[in-house]
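# For reference, the sequence and a predicted model appear below.
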There are 4 protein chains.
Amino acid sequence: MTIKKRAISEYQKLHRKQVILETAFNLFIHNEYQDISMDLVAKKAKLAKGTLYLYFKSKEELFFSLKIMEYHHWFDEIEKKIKNLSKRPASKQERIKKFSNFITKSFEQRKNLIRLIIIVHHTLEKNINEELVLNLNQQIGNRLLQLGAQLENLFSFLNPSDGARLVFYIKTIALGMYQVSEPVAVIREMANKNKKELNIMMLDFKKEVQKMIEILLNGWS
Amino acid sequence: MTIKKRAISEYQKLHRKQVILETAFNLFIHNEYQDISMDLVAKKAKLAKGTLYLYFKSKEELFFSLKIMEYHHWFDEIEKKIKNLSKRPASKQERIKKFSNFITKSFEQRKNLIRLIIIVHHTLEKNINEELVLNLNQQIGNRLLQLGAQLENLFSFLNPSDGARLVFYIKTIALGMYQVSEPVAVIREMANKNKKELNIMMLDFKKEVQKMIEILLNGWS
Amino acid sequence: MTIKKRAISEYQKLHRKQVILETAFNLFIHNEYQDISMDLVAKKAKLAKGTLYLYFKSKEELFFSLKIMEYHHWFDEIEKKIKNLSKRPASKQERIKKFSNFITKSFEQRKNLIRLIIIVHHTLEKNINEELVLNLNQQIGNRLLQLGAQLENLFSFLNPSDGARLVFYIKTIALGMYQVSEPVAVIREMANKNKKELNIMMLDFKKEVQKMIEILLNGWS
Amino acid sequence: MTIKKRAISEYQKLHRKQVILETAFNLFIHNEYQDISMDLVAKKAKLAKGTLYLYFKSKEELFFSLKIMEYHHWFDEIEKKIKNLSKRPASKQERIKKFSNFITKSFEQRKNLIRLIIIVHHTLEKNINEELVLNLNQQIGNRLLQLGAQLENLFSFLNPSDGARLVFYIKTIALGMYQVSEPVAVIREMANKNKKELNIMMLDFKKEVQKMIEILLNGWS
DNA sequence: CATGAATGAGCTTTCATTCAT
DNA sequence: AATGAATGAAAGCTCATTCAT
């Protein structure tokens, strides 16, 4: 029994929490949620199982926190891009094009965030600290409103409070299209063998998300 | 040991299969997927556990079949409505309004189908007969193409092959919005206590789906 | 439900029993005992599961009967050979050599009988009709005594009642050596990769059985 | 939920493993292998089922380890006896007599080891860690070679490498005779009621093993 | 704080046997 | 006699969580 150096200061504790979350995320990238045991997370993080429970009250809480973390990363990225876009003058059509393009790209690169959101939506029900959920969702909610405001700024055709709704619609498109376009392994394999019959079922995530967002923005204006 | 009346003829067997599926669906309405054990399904259907496995090779196959069944019900309903709509002459705007209205209603009443689609998307990977998946998905795919054709008929602004894409987009909206708007139990409870802070997170499924579909159709035309 | 032609006469019934036994034996050759379900036997024999139970009261009884059948085949073969050997005059050493040679060969070709005897020895305890066991074992016992008498005839150094004992000893050697020399799959695989370390554990069944029988006969005389 | 005292040190863990093995062995003495569930072992050892799986990866591994343990006990006993025998000068005949006598006794008292060897021979195929098998069988193999060397020392008529073979032959005799002489319960009961008919099938394990070993040694020299 | 041994409910699936048809 | 749908006990194993050390 070698005991890992204790995290005493708040800063150290926060750091350890980060390490656990990153370890979990790395595992999540390559594995199904149900195949990731707390044991595995602990081993990969080179911590004892019990230690995980010092930082997260349950497996659900861990993955919920992970979702929040990834959400923040996504917001960070998107906000920066929007700022850049706002600076340069451009026509509505140009803006729509550019915006739909980079937001789609961001989803393409963050399918694991999408997976996380979907998974957590199922799994959250149990064993989770209400206050934490409230607290962290509040954070996300706020950034979301902020993002909405930025969009209203970017697209002059948006009325007040339309921005937030647009954000929700975009999220809807991302989550929905992920499940519509991302076939499960069984079907993917079959599609490889059996091309014709299934290819109506096979949509290209990136292309379709972008298209939907463009139509949506055009329909809105 | 009282043995349930044997299902001998093909018709009886099909009927028993139906009974099992309906039992499972009733359980699914009121419970989380992971809380529905095969034991429970068997008990509710007043059958022995082994009997379930006579009709379905695995739990996954049972719920996959359930999804297909519910899908068919949904198609049946929608196709009828579209036929009615097609008969009567109407303006584009009217048609969009009516269509988005009844399709949204159909989703509102079939949230369990949406849940099923989402769940099966995760769970399908394992213990399932490839051929069955291929076969049944083929059925769904065909009805979906059919539905696409009907939509092209209904909306003159749709080009050939746009119909199927529209169907996919609508599915995207339904799946996505379900997860965006349907808060998990924990949040629902908190929202009741704690109205203000959370209500930005609370979207009305029905209203938003309809709105999105309308915007989409308007953007398309 | 296509009903197989009924076996009404005693002869027909016996024949159907034979068919079942032969089917079971074919399965036994290529599979582990525990992997052979009654369902499988029924399917291969193109009979219904229930029909098996008309002819054999239990799975154990079926395999017990199979053992007896195979025993008889072995006795048939051996007795013929011994008769041939008895006819021709030969020295004691010659006879020992020839006898040990063909009896070893017979085991080599009937490893499945050996497996059966071993399996049945474990499995017999349950679900078996005592009278049947008594009856069929009696048959085997009688043939065994007969074989013993023939051996006493063949080898002049054997005293009365030594023959039967010799038969038992030979059976002992066959059963024992099978388990000593026949490595389980795991070990077999390892032996292939890892030649040196394991080859002390690897005996050649045929060679060693013959050697043991020869030493035994030499020691006896 | 009362948690059993934790086994922290390596020594304690080894001890707990021993306790589990001994519990399993006690159950094995009085029950058929297939009637010994992991649940039962856990209950008797007053541990939780999961705890067993902390120490043994599968039921097969547990019983394989048990076999190895019992093997070691047997070797310990036999080696001591052989050393004693080697010290005292004696004629070949005397040595054969004494050796066959005590080795037979050792088997008589370790029929459960014989049963274990037979059972494990069937059961080993599945769910077992190859390296463990390799490793532990290596141990047994080495002791066996050692025993062979001691026998060559004891019996001057043995040529180099004959010792190991002799050990294998003796093992053959023990395993084989166990199955030839040890009737299963059904037959044992019948034999009690029905003395005459069956007694040809009833050999005395001890007497016959000894006899065979003596004949074998005499034949060898 | 950190550890990791211990817990035990819980789950899916199999399959010999029965018996209504 | 033949069928095969129905039965249900049984069993191995996992894994989130706890808590003594």
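Everything's here; your move.

# Can you find the helix or strand of chain A with the lowest average pLDDT?
Least confident helix or strand of chain A, by mean pLDDT, DSSP states H and E, is helix A:195-198 with a mean of 55.

# Could you point out the helix or strand that follows that one?
Per DSSP states H and E, the first helix or strand lying C-terminal to helix A:195-198 is helix A:205-220.

# quick one: average pLDDT of that next one?
On average, the pLDDT along helix A:205-220 is 93.

# Could you tell me how many residues sit around residue A:43?
14 (other CB atoms under 10 Å in any protein chain shown). For every residue, glycine as well, the C-beta is placed using N, CA and C.

# just residue A:31 next, same as before
Neighbourhood size, residue A:31 [other CB under 10 Å]: 12.

# Likewise for the one 3 residues further on?
Neighbourhood size, residue A:34 [other CB under 10 Å]: 13.

# Can the longest helix along chain A be said to contact chain B?
Using DSSP state H, we find that the single longest helix of chain A is helix A:59-87. No: for helix A:59-87, no contact with chain B is found by CB under 8 Å from any CB of the partner chain; the gap never falls below 9.8 Å.

# and the next element down the chain from that helix?
Next along from helix A:59-87, by DSSP H and E: helix A:92-108.

# Buried residues, that following helix. List them.
Buried residues in helix A:92-108, defined by neighbour count with 16 or more other CB atoms under 10 Å in any protein chain shown: A:95, A:96, A:98, A:99, A:100, A:102, A:103, A:104, A:106, A:107.

# Can you give me the distance of the last one to chain C?
Distance, residue A:107 to chain C, using CB to the nearest CB, to the nearest Å: 47 Å.

# List the contacts of that residue.
By CB atoms under 8 Å, 6 or more residues apart in numbering or on different chains, residue A:107 lies in contact with A:114, A:174, A:205, A:206, A:209.

# Turn these into CSV, columns for distance to DNA strand E and neighbour count.
What follows is these, written out as CSV (distance: CB to the nearest atom of the strand, whole Å; neighbours: other CB atoms under 10 Å in any protein chain shown):
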residue, distance to DNA strand E, neighbour count
A:114, 26, 24
A:174, 31, 26
A:205, 30, 18
A:206, 35, 16
A:209, 34, 25
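
# Closest one to DNA strand F out of those, please.
Set against DNA strand F, the nearest of the contacts of residue A:107 by CB to the nearest atom of the strand is residue A:114 (21.6 Å).

# in which helix or strand would I find that closest one?
Per DSSP H and E: helix A:111-123 holds residue A:114.

# C-alpha coordinates for that helix, PDB please?
Extracted in PDB, the C-alpha atoms of helix A:111-123 (Å, rounded to 0.1, in the frame of the first residue of the first chain):
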ATOM      1  CA  LYS A 111     -18.900  13.800 -30.600                       C
ATOM      2  CA  ASN A 112     -17.900  12.500 -27.200                       C
ATOM      3  CA  LEU A 113     -19.600  15.500 -25.600                       C
ATOM      4  CA  ILE A 114     -22.700  14.600 -27.500                       C
ATOM      5  CA  ARG A 115     -22.400  11.000 -26.300                       C
ATOM      6  CA  LEU A 116     -21.900  12.200 -22.800                       C
ATOM      7  CA  ILE A 117     -25.000  14.500 -22.900                       C
ATOM      8  CA  ILE A 118     -27.100  11.600 -24.200                       C
ATOM      9  CA  ILE A 119     -25.700   9.100 -21.700                       C
ATOM     10  CA  VAL A 120     -26.000  11.400 -18.700                       C
ATOM     11  CA  HIS A 121     -29.600  12.100 -19.700                       C
ATOM     12  CA  HIS A 122     -30.400   8.500 -19.000                       C
ATOM     13  CA  THR A 123     -28.200   7.800 -16.200                       C
END
